[in-house]
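Asker: Show me the folded form of this:
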Amino acid sequence: MKGTMKKILCMAMVAALAISVAACGNGATMKKIEKSGKIVLGTSADYAPYEYHTMINGKDTIVGIDISIAEEISKDLGVQLEIVDMGFDGLLAALNTDKVDIVIAGMNPDEERRKAVDFSKIYYEAKQGVMVRTEDKDKIKSIADLSGKKVGAQLGTVQEKIAKEQIKDADLISLGKIPDLVMELKNKKIDALVVELPVANGYVKNNNDLTLSEITVKEDTGGSAIAVKKGNSDFLKLIDQSLDRLMKDGSIDKFVQEANEMNVTSEGK
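Answerer: As a prediction, this is how the structure comes out:
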């Protein structure tokens, strides 16, 4: 009985602590944004057309679908936008240590990530593909053709998970940046690269030695969403309101078209 009571009291204390943390966190990010007059975006700008570097009027500038969305959210909030570019695998840690206020990086809200942060509604859905060298297009046409071969994927992404789970007996090569993986593919250090189709299309368009294979991988991630620190439901509602507007008036489709039409080279993400 004593042990049972101790267990009940312990569970009650944990529940109370969780409620307390959530209560303290709710609105904290929004207060920080209002006080500073800016929203700090965490992204990984090597993933065209979502976010990537390009030269505009002689200045290195980060552009893309996600950047356009972030700009609209900052306008709706009436604050300035500050962009912090970092490795994809460090984004959620940066969010939870308050180094950034929001993460928009073509990120899929999978079950594991939902344990660490909260997500907005899905703002864009894209299918996955496998990019290969053009000379190997007729050699690599199925998942079975990748058995025993070196397959690349970006570190900490859904594509890495897909490669691990769906491509049996492959030698998985995970790197932090897509351009590095593309160079590995072009230099014959890897045989294929699992990547989102909009990203692959950008590279294929600008590199004759690269092409999309006929391989189809299963996609159950549900698309891309915006991440915020847990306990900021009011902030999340404002983000969803902005996304609702952008999806309803066709702006996101326009952002996708504009980003895909821009000159994305192999130096982009």
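
Asker: where in the stretch 151-269 of the chain is pLDDT low?
Answerer: Along the stretch 151-269 of the chain, segments meeting pLDDT under 70 span 220-221, 261-269.

Asker: Show me where it has its strands.
Answerer: 171-175, 192-196, 210-212, 227-228 (DSSP state E, counting those that start in this stretch).

Asker: Mean neighbour count, these: which tops it?
Answerer: Across the strands of the stretch 151-269 of the chain, the average number of neighbours (mean count of other C-beta atoms under 10 Å) peaks for strand 192-196, which reaches a mean of 27. All C-beta atoms are positioned from the backbone trio N, CA, C, and that covers glycine.

Asker: That one pairs with which strands?
Answerer: Neighbouring strands of strand 192-196 in its sheet, by DSSP bridges, are strand 128-133 (antiparallel), strand 150-154 (parallel).

Asker: Just the C-alphas of it, formatted as CSV.
Answerer: This file holds the C-alpha atoms of strand 192-196, laid out as CSV (Å, rounded to 0.1, in the frame of the first residue of the first chain):
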residue,chain,number,x,y,z
ALA,A,192,22.2,7.1,-55.6
LEU,A,193,20.7,9.8,-53.5
VAL,A,194,17.3,9.7,-51.8
VAL,A,195,15.8,13.2,-51.9
GLU,A,196,12.5,15.1,-52.2
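
Asker: Can you tell me the element the residue most central in space within the chain falls in?
Answerer: The residue lying closest to the centre of the chain (C-alpha atoms, centre = their mean) is M107, at 2.4 Å. M107 belongs to no helix or strand when assigned by DSSP states H and E.

Asker: Might one say that it is in contact with R113?
Answerer: Yes - applying C-beta atoms under 8 Å, one finds M107 in contact with R113, separated by 7.3 Å.
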